[in-house]
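> how would this look folded up:
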Amino acid sequence: MTKVGAKDALFGAQTLRAMGVAPYGGADIGECLATLARVQGTDLRSWHDEWTLTARRNLAVAEDEEAAGHVESARLAYWRASSYFRTAGAMMLGVPLDHRAVEANQRQTDAFRRGAALLPLPPRQLEIPYGDTTLPGYLFRASADQQARPTVILTGGYDSTAEELYFFNGAAALARGYHVIAFDGPGQGAALLQRGMVLRPDWEAVVSPVVDFAFDQPGVDVDRVALIGLSLGGYLAPRAASGEHRLAACIADGGEYDLFDAALRRLPAPLASGLAEGRPSAVLRALMSQVTKRPTAGWSLRRGQLVHGAADPVTYLEMLRDYSMKGRAEKITCPTWVCHAETDPLGAQAPSLYDALRCPKELVTFTVAEGAGDHCEAGARLLYHARSFGWLDSVLRPTPVLSAA
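Numbers count the residues shown, from 1 in each chain. The predicted structure is shown next:
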């Protein structure tokens, strides 16, 4: 695991996550390290306040640069502010919903959009029809012409946002000639924090309307639409592909096979066996209740309750039974690329997902030695993109975007 100079592993990992988007304009490494250094121990209020301070500083820079007509400097400062607001709010996720998480999401969205508006080809803000409501997102075009191009749909994880997906995969896809659709599904970003939509396991019911939307857009080659899943999206994307067979390719970044099994393995055996049999013990309930009170150690449980709409942490764990690719991985028909990072326990099931696939497939392991051993290769996104898009290019064969130079 890459060490980022934090006393706390979660704070270090979240800082690496923020720094990892620096190649695409979403962060400056020195700013991230300086912000982390100001955070007091495992104090969540301190984390929120320090990252918010850094975000506001960048927002002020962006506004000054834009007023001076310095478009590129303004865009990048807006985007750094967006990333830092998101980073500030992420640690506030939990039940009851903290107003700081809601405000941080609003601020990251506003800063991102102000920066994106300064692109030579700004994205279109979307409200994708979904049942009797809509899902927020963006359509980025690789070029202004109407040439039919392949398109990637980006889906994130527990605490990702459509805006962050641009930095993690969108910019890299655009540079390689793909149109990009990034969206917040139920349980994610604005859909969760602004609209109260909680996660659902049958992600094909979420992605199919997005595919419908993509197919209606001019310049989208309907035979070359791929789905890329990040983090929990390493389960959600394959799950969607198991039921949505119009996809031409699927990428699972941090492939996950069965979330309930993964949760059981992190519990002491006696407690795990009771939960597996549907009779969680009072000891387990007491333990989970205590863990949720710990600032960073309890964060994933608090976040899980919020995202799933669970009344308590044990209910959240029980809800994970529905998040399994057992009996579904075999239904995926499109070529599928699965990866995992060497020290990432959340991606440890990637080989199981790969083994269950019956479609054309590839499995890649990213290692500590190459600086890519952390969750979703957070510190080595350029390397990740070289490998993942190298594979996707071989499947969908995009037309390169000609440089203006």
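
> what ranges do the strands span in this protein?
For the chain, applying DSSP state E gives strands covering 124-130, 133-140, 149-155, 179-183, 220-230, 249-253, 336-341, 361-366.

> Of the ones you listed, which is nearest Gln290?
Nearest to Gln290 among these is strand 336-341 (29.7 Å), distances taken as CB to CB. Bear in mind the C-beta positions are built from the backbone N, C-alpha and C, glycine included.

> how big is the angle separating the closest one from strand 220-230?
30 degrees (axes from the mean of the first three to the mean of the last three CA atoms, to 10 degrees).

> Quickly run through the sheet partners of strand 336-341, with directions.
strand 249-253 (parallel), strand 361-366 (parallel) (DSSP bridges).

> and among those strands, the most buried is which?
Highest mean neighbour count of those: strand 249-253, a mean of 28 (counted as mean count of other CB atoms under 10 Å).

> could you dump that one to CSV, C-alpha only?
What follows is strand 249-253, C-alpha atoms only, in CSV (Å, rounded to 0.1, in the frame of the first residue of the first chain):
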residue,chain,number,x,y,z
ALA,A,249,-17.8,-4.2,-23.8
CYS,A,250,-17.5,-4.0,-20.0
ILE,A,251,-14.7,-2.9,-17.7
ALA,A,252,-14.7,-3.8,-13.9
ASP,A,253,-12.1,-1.7,-12.1
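
> what pairs with Thr151 across the strands?
His179, Val225.

> since we're on Pro360, how many residues are nearby?
13 (other CB atoms under 10 Å).

> Now do the same contact list for the spatially closest residue to it that is not a sequence neighbour.
With sequence-adjacent residues excluded and distances taken as CB to CB, 6 or more residues apart in numbering, Pro360 is closest to Pro335, at 4.2 Å. Counting by CB atoms under 8 Å, 6 or more residues apart in numbering, Pro335 touches Ala248, Ala249, Cys250, Cys359, Pro360, Lys361, Val395.

> any idea how far His385 is from Pro335?
18 Å (CB to CB, to the nearest Å).

> now swap in Gly373 and tell me
17 Å.

> likewise Ala249?
Taking CB to CB, one finds Ala249 at 15 Å from His385.

> and if you look at Gln108?
22 Å.

> And those two? Which one has more around it.
More crowded of Gln108 and His385, by other CB under 10 Å: Gln108, with 27 against 21.

> hang on, the more buried one packs against Ser82?
Yes. The pair Gln108 / Ser82 is scored as a contact, 4.6 Å apart, by CB atoms under 8 Å.

> Mutual contacts of those two, please.
Common contacts of Gln108 and Ser82 (CB under 8 Å, 6+ apart): Ala55, Glu163.

> rewinding a little: need the contacts of Pro335 in CSV with pLDDT, can you?
CSV is the format used below for those (pLDDT from 0 to 100):
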residue, pLDDT
Ala248, 98
Ala249, 98
Cys250, 98
Cys359, 98
Pro360, 98
Lys361, 98
Val395, 97
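
> So of these, which two are at opposite extremes in space?
The widest separation within the contacts of Pro335 (CB to CB) is 14.3 Å, between Ala248 and Lys361.

> measure the closest residue in space to Gly26 that isn't next to it in sequence to Ser82 for me?
Counting by CB to CB, 6+ apart, Phe167 is the residue found nearest to Gly26 once chain neighbours are left out, at 3.8 Å. According to CB to CB, Phe167 stands 9 Å off from Ser82.

> Over to Arg303?
20 Å.

> So between these two, which is more surrounded?
Ser82 (32 against 20).

> hang on, the earlier thing: now the strands paired with strand 336-341 in TSV, with distance to Gly41?
As requested, these are exported to TSV (distance: least, CB to CB, whole Å):
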stretch	distance to Gly41
strand 249-253	31
strand 361-366	31
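
> what's the distance between stretch 380-397 and the middle of its chain?
Averaging C-alpha positions (CA atoms, centre = their mean, to the nearest Å) puts stretch 380-397 17 Å from its chain's average.

> How many residues are close by Asp258?
18.

> Please name the bridge partners of it.
Ser324.

> i'd like the first residue to be 772 from this point on
New numbering, starting at 772: the last item is Asp1029.

> That one touches Ser1095, doesn't it?
Yes. Counting by CB under 8 Å, Ser1095 is a contact partner of Asp1029 at 4.3 Å.

> what distance separates the start and the end of stretch 1094-1108?
Stretch 1094-1108 has an end-to-end distance of 20 Å (CA to CA, to the nearest Å).

> And stretch 1084-1100, by the same measure?
Note: stretch 1084-1100 ends 28 Å apart using CA to CA.

> which parts of that stretch are buried?
Within stretch 1084-1100, the residues that qualify as buried are 1084-1092, 1094-1096, 1099-1100, counting by 16 or more other CB atoms under 10 Å.

> Nearest to Leu868 among the residues you listed?
Taking CB to CB as the measure, Leu868 lies nearest Tyr1087 of the buried residues of stretch 1084-1100, at 14.8 Å.

> ranges for the helices of the stretch 972-1121 of the chain?
Using DSSP state H, counting those that start in this stretch, the helices found in the stretch 972-1121 of the chain span residues 975-986, 1004-1012, 1030-1036, 1040-1047, 1053-1063, 1070-1079, 1084-1090, 1121-1127.

> Compare these and give me the one nearest Arg809.
With CB to CB, the closest approach to Arg809 among these belongs to helix 1070-1079: 19.5 Å.

> which other residues reach that closest one?
781, 862, 864-866, 868, 929-930, 958-959, 963, 969-970, 1059, 1062-1063, 1081-1084, 1086-1088, 1090.

> Please indicate which of the residues you listed are buried?
781, 862, 864-866, 929-930, 958-959, 963, 970, 1059, 1063, 1081, 1084, 1086-1088, 1090.
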